[in-house]
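Peer 1: All I have is the shape, not the residue letters:
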């Protein structure tokens with residue numbers, strides 16, 4: 001199980017949960033609710049790639065390129081230098097600009113072509129890709145999520161990318177989230193946030209990682225100014241502590257089914 005080559009995440013304490021890191025050339029879903037740390041985790045992953053000399057591509061669909069660069073700089077990560085040194089390309093799929101590394105529309109085939117174009121620009125070498133978020137591509141057609149995820153994985157796997165695909169958490173059940181990507185992904189890293197005693201707490205759990213004897217436990221994380229994300233400790237928590245009540249789950253699933261049947 002430990003023979004796979006692995007990419008460090010750059011998050012203190014995270015690689016220990018993954019038997020050393022994310023297996024190379026894996027397609028990993030990073031999922032969770034808004035504000036639980038998905039983007040910051042993704043920024044760490046890319047920054048670690050820059051440090052190790054990897055070819056890095058960050059696709060942003062919900063923030064501008066400048067916003068991602070500013071977030072990185074808050075944690076002393078030098079994305080601008082990485083771009084200037086030919087180690088990083090940030091593809092902006094939000095602002096609709098006309099520059100070379102922007103997408104005018106959320107079109108999946110156009111995105112795949114742009115990622116391959118970026119890899120050719122960066123040149124030969126181990127490559128990391130973050131798509132933040134992939135679920136933006138199926139916001140108006142959620143029933144297509146699994147097909148889109150499969151297409152993305154099938155095409156990009158030929159280029160030997162290691163991919164983090166950020167996906168929004170569907171607040172249905174603790175077992176069922178995302179709208180299809182989890183069936184396609186080689187791994188699932190799930191973030192959560194909860195209010196405890198009036199304080200916002202964040203957590204992470206590795207729910208799936210093929211070829212890896214990964215941790216099966218929930219861990220508390222923190223996001224520290226100037227540092228970024230760190231894994232603090234294993235926590236004891238029952239599923240009932242973070243699941244929605246059954247009646248609420250039923251109503252959400254019914255609404256979701258009606259939405260999908262409309263497409």
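Peer 2: That came in fine, so what should we check first? Computed from a predicted model, the values in this text were never measured in an experiment.
Peer 1: Does the spatially most central residue of the chain fall in a helix, a strand, or a coil region?
Peer 2: The centre of the chain sits closest to residue 166, judged by Cα atoms, centre = their mean, with a distance of 3.0 Å. Following DSSP: H, G, I helix; E, B strand; the rest coil, we place residue 166 in the strand state.
Peer 1: residue contacts, it?
Peer 2: Counting by Cβ atoms under 8 Å, 6 or more residues apart in numbering, residue 166 touches 29, 30, 31, 38, 39, 42, 130, 131, 132, 133, 134, 135. For every residue, glycine as well, the C-beta is placed using N, CA and C.
Peer 1: now with 6 Å?
Peer 2: When contacts are counted by Cβ atoms under 6 Å, 6 or more residues apart in numbering, residue 166 touches 30, 38, 132, 133.
Peer 1: Select only the buried ones of those in PyMOL?
Peer 2: Burial among these is assessed by 16 or more other Cβ atoms under 10 Å; the matching PyMOL selection reads:
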select buried, resi 30+38+132+133
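Peer 1: Which ones among the contacts of residue 166 map onto strands?
Peer 2: Residues of the contacts of residue 166 located in strands (DSSP state E): 30, 132.
Peer 1: Helices of the stretch 1-150 of the chain, start to end?
Peer 2: Using DSSP state H, counting those that start in this stretch, the helices of the stretch 1-150 of the chain run over 38-51, 65-74, 79-84, 108-122, 145-156.
Peer 1: Can you add mean pLDDT and distance to residue 189 and give the ones you listed back as CSV?
Peer 2: Output for these, formatted as CSV (pLDDT from 0 to 100; distance: least, Cβ to Cβ, whole Å):
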stretch, mean pLDDT, distance to residue 189
helix 38-51, 98, 7
helix 65-74, 97, 19
helix 79-84, 97, 22
helix 108-122, 95, 21
helix 145-156, 86, 15
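Peer 1: Please identify the most buried of these.
Peer 2: Highest mean neighbour count among the helices of the stretch 1-150 of the chain (mean count of other Cβ atoms under 10 Å): helix 38-51, with a mean of 23.
Peer 1: ok and it relative to helix 65-74, angle-wise?
Peer 2: 70 degrees (axes from the mean of the first three to the mean of the last three Cα atoms, to 10 degrees).
Peer 1: show me what contacts residue 137?
Peer 2: By Cβ under 6 Å, 6+ apart, the contact set of residue 137 is 106, 108, 148.
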